[in-house]
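Colleague: sequence first, predicted coordinates after that:
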Amino acid sequence: MQRVLLRRRGSAVDITEHSDDGSAAATRIPVEELPAVVAEREAAPAPVRWVWDDTTRWYPALLAAGARVERCTDLRLSHVLLRRSPFADQALLVGGDTAGWDALQPVAAADPALFPPADPADLLDPAAEHRRQQAALAASPRRDRLALLLAAESAGALVAAEMTYTGLPWRADVHERLLTALLGPRPVAGGRPAVLERLLGEIRAALGAPLLNPDSPAELLRALQQAGLPVADTRSWSLAQLDHPVIPALLEYKKLMRLLTANGWSWLETWVQEGRFRSSFLPGGVVTGRWASTGGGALSVPTLIRPAAVADDGWRFVVADVAQLEPRVLAGMSADTAMAEAARASDLYEGMVAGGAVASRAEAKLGILGAMYGGTRGESGRMMPRLTRRYPRAIGLVEEAARAGERGEVVHTLLGRGAPSPTGAWAQRAVELGEPAEQAGSRGDRDRARRAWGRFTRNFVVQGTGAEWALCWMADLRNRLWRLGGAGSPAERPHLAFFLHDEVVVHAPEHLADDVVEVVRAAASTAGRLLFGAFPVDFPLDVAVVRSWADAG
DNA sequence: CGTACAGGTCTA
DNA sequence: TATCTAGACCTGTACG
């Protein structure tokens, strides 16, 4: 496939075409002409892969100018993956500006200018970096998987930019009605809404503390203890265990205060414009390969306010999520046929019950979560021997990942994303967490930190491979949605509008909703085959065609 | 007066 | 004798 490398040169762009025969041809164009050049090239029959330093620096402006890109190589994201992968020869990756690539950060989506001034990326040579990456890939003992990972990560970067561009349809009027119904009318600057004010009065009266500010955990804890309640913190879950007249009002107050501060009127003003909630997603933003987000708390939008996410008139949301993604991924990557058999059921936990591994669904869930998170105590710990007997390969894989982490070894996902080395800052953090300063250095604390790192590596291999499945799913889905046809930009055709680790929201014209359901499922099958080949592990989806996000699931 | 951390709550 | 993975982001509070 033809690769076309883009490089900024002041107010111009250098375009270098790399043909399969190794020849290269370069042209220089003014930056204003780039969208037209890209659009023309994308419309031509020969497929092309754009190679650029960083999608966040190129794609938002292209989208704004009406140019959509089918494929790219994001050198920044690829660099991070290769630098940490145990299957990339680091000697091949090191060049003059490696430190610059190591340090390169994505830019915020807020600025749509194609060329931010004084960008550190301008000091880097993308052609040289691309050559190094291709060399490392060619020499890798896991070349195919690593190449798939780089392609999927780059496709994710395109998806992320497009989701910020299109936004998630959001009805401010619905959101405001919801706030008013729960909190009362919007208060004038500074005041508490009426409902909170009333609850505050009840709380103060019930505790005999007329000046209490329940927003201060320390103050609240003292007041509760003075009222004779045996409580060590003010978490809702702890308070719910208590029997005292103040508790219902206090729990309601905490819930509504959270709504007000996290997703109240000021959230609405800040993050919703022109009927769209626009946040920015950061592919690869989490060490495991999951996406992070910045702005508006996109990855923790409470279900309480999801009724305000409403498809446009004549459009629908197609909401799809994978039930029990991570245990299915674990079955696939360990080639555990017994667990894959359980995964044939649409509810994997019920499949485990049917297979005779455990007595109840609750036990199955507890046991699997314990296996993936490293819970060794309590009920999930007691489940482990039975699970190990029944699913030796699956349990063996996570146990080995935990032991490797405890030994200080580096673990990796199925496609070759490497975990951080335990000598890095992350291990320091684990040490600090397990080690109160006054007892620093004791053997027990070191053991605790080692086990904490083992839990991290145990979870890393599963969560990280789950993230790879989701990336492959979205990358394939994005292309299938585009091929459903229509005209215009992604916003005017069926498009991905939101992504939450194992769930996607597609915004589509109503008459195409059934087609979207079909391609969402087809893309899930493709992702399973890409990762696990012929090994028979299913990824059944829960799919709903709805007007509001809240109506799904 | 601005920054850093603690405590809490939301997500998968 | 016990909640264990990954995050974002809010308020209150301590600190320099």
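Modeller: That came through fine.
Colleague: relative to A:Pro283, how far out is the residue in the stretch 1-150 of chain A positioned nearest to DNA strand B?
Modeller: Proximity of the stretch 1-150 of chain A to DNA strand B (CB to the nearest atom of the strand) peaks at A:Gln105, 17.1 Å away. In this view, the C-beta of every residue, glycine as well, is placed from N, C-alpha and C. Per CB to CB, to the nearest Å, A:Gln105 is found 13 Å from A:Pro283.
Colleague: quick one, strands of chain A?
Modeller: Secondary structure of chain A, counting by DSSP state E: strands at A:2-9, A:12-18, A:24-30, A:48-52, A:72-74, A:168-169, A:272-273, A:276-277, A:280-282, A:292-294, A:315-322, A:495-499, A:503-509, A:541-546.
Colleague: compute the inter-axis angle for the first one and strand A:48-52.
Modeller: Taking axes from the mean of the first three to the mean of the last three CA atoms, to 10 degrees, one finds that strand A:2-9 is oriented at 30 degrees with respect to strand A:48-52.
Colleague: for strand A:2-9, output the C-alpha coordinates as PDB.
Modeller: Output in PDB follows, covering the C-alpha atoms of strand A:2-9 (Å, rounded to 0.1, in the frame of the first residue of the first chain):
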ATOM      1  CA  GLN A   2       1.100   3.500  -0.800                       C
ATOM      2  CA  ARG A   3       2.400   5.400   2.200                       C
ATOM      3  CA  VAL A   4       2.300   9.200   2.100                       C
ATOM      4  CA  LEU A   5       4.300  11.000   4.700                       C
ATOM      5  CA  LEU A   6       3.400  14.500   5.800                       C
ATOM      6  CA  ARG A   7       5.700  17.000   7.400                       C
ATOM      7  CA  ARG A   8       5.200  20.600   8.500                       C
ATOM      8  CA  ARG A   9       7.500  23.200   7.000                       C
END
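Colleague: mind listing what it pairs with, with the direction of each?
Modeller: Sheet partners assigned to strand A:2-9 using DSSP bridges are listed as strand A:12-18 (antiparallel), strand A:48-52 (parallel).
Colleague: of those strands, which stretch is the most buried?
Modeller: Among the strands paired with strand A:2-9, strand A:48-52 has the highest mean neighbour count (mean count of other CB atoms under 10 Å), at a mean of 22.
Colleague: what about that strand, distance to the chain center?
Modeller: 24 Å (CA atoms, centre = their mean, to the nearest Å).
Colleague: give me the contacts around that strand.
Modeller: A:1-7, A:38, A:41-42, A:58, A:69-75, A:126, A:130 (CB atoms under 8 Å, 6 or more residues apart in numbering).
Colleague: at 10 Å instead, please
Modeller: A:1-8, A:13, A:15-18, A:38, A:41-42, A:58-59, A:62, A:69-76, A:78, A:121, A:126-127, A:129-130, A:133-134, A:151, A:154, A:157-158 (CB atoms under 10 Å, 6 or more residues apart in numbering).
Colleague: same deal with stretch A:359-370?
Modeller: Residues lying outside stretch A:359-370 but in contact with it, judged by CB under 10 Å, 6+ apart, are A:324, A:326-327, A:330, A:339, A:342, A:347-353, A:355, A:357-358, A:375-384, A:386-388, A:390-391, A:394-395, A:398.
Colleague: how about that stretch and DNA strand C, any contact?
Modeller: Yes. Contact of stretch A:359-370 with DNA strand C (CB under 7 Å from any atom of the strand) involves A:366, A:369-370.
Colleague: hmm, which of the residues you listed are the buried ones?
Modeller: Buried positions within these, assessed by neighbour count (16 or more other CB atoms under 10 Å), are A:366, A:370.
Colleague: between the residues of stretch A:359-370 next to DNA strand C, which sits nearest A:Leu183?
Modeller: Proximity of the residues of stretch A:359-370 next to DNA strand C to A:Leu183 (CB to CB) peaks at A:Leu369, which lies at 34.8 Å.
Colleague: what about the residue in the stretch 251-400 of chain A positioned nearest to DNA strand C, how many neighbours?
Modeller: Here the stretch 251-400 of chain A gets closest to DNA strand C at one residue, A:Gly375, 1.7 Å apart by CB to the nearest atom of the strand. A:Gly375: 17 surrounding residues under other CB atoms under 10 Å.
Colleague: and what of A:Thr164?
Modeller: A:Thr164, neighbours per other CB under 10 Å, totals 23.
Colleague: residues in contact with it?
Modeller: A:56, A:59-60, A:63, A:109-110, A:276, A:278-281, A:293, A:295, A:298 are the contacts of A:Thr164 under CB under 10 Å, 6+ apart.
Colleague: over to A:Arg407?
Modeller: Going by CB under 10 Å, 6+ apart, A:Arg407 touches A:422, A:450, A:453-454, A:457.
Colleague: same list, the strands of chain A, but as JSON lines with distance to A:Ala205 and mean pLDDT please.
Modeller: As requested, the strands of chain A are exported to JSON lines (distance: least, CB to CB, whole Å; pLDDT from 0 to 100):
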{"stretch": "strand A:2-9", "distance to A:Ala205": "65", "mean pLDDT": "95"}
{"stretch": "strand A:12-18", "distance to A:Ala205": "68", "mean pLDDT": "94"}
{"stretch": "strand A:24-30", "distance to A:Ala205": "71", "mean pLDDT": "91"}
{"stretch": "strand A:48-52", "distance to A:Ala205": "63", "mean pLDDT": "97"}
{"stretch": "strand A:72-74", "distance to A:Ala205": "58", "mean pLDDT": "98"}
{"stretch": "strand A:168-169", "distance to A:Ala205": "42", "mean pLDDT": "97"}
{"stretch": "strand A:272-273", "distance to A:Ala205": "37", "mean pLDDT": "96"}
{"stretch": "strand A:276-277", "distance to A:Ala205": "39", "mean pLDDT": "96"}
{"stretch": "strand A:280-282", "distance to A:Ala205": "45", "mean pLDDT": "93"}
{"stretch": "strand A:292-294", "distance to A:Ala205": "41", "mean pLDDT": "92"}
{"stretch": "strand A:315-322", "distance to A:Ala205": "44", "mean pLDDT": "97"}
{"stretch": "strand A:495-499", "distance to A:Ala205": "43", "mean pLDDT": "97"}
{"stretch": "strand A:503-509", "distance to A:Ala205": "43", "mean pLDDT": "97"}
{"stretch": "strand A:541-546", "distance to A:Ala205": "43", "mean pLDDT": "97"}
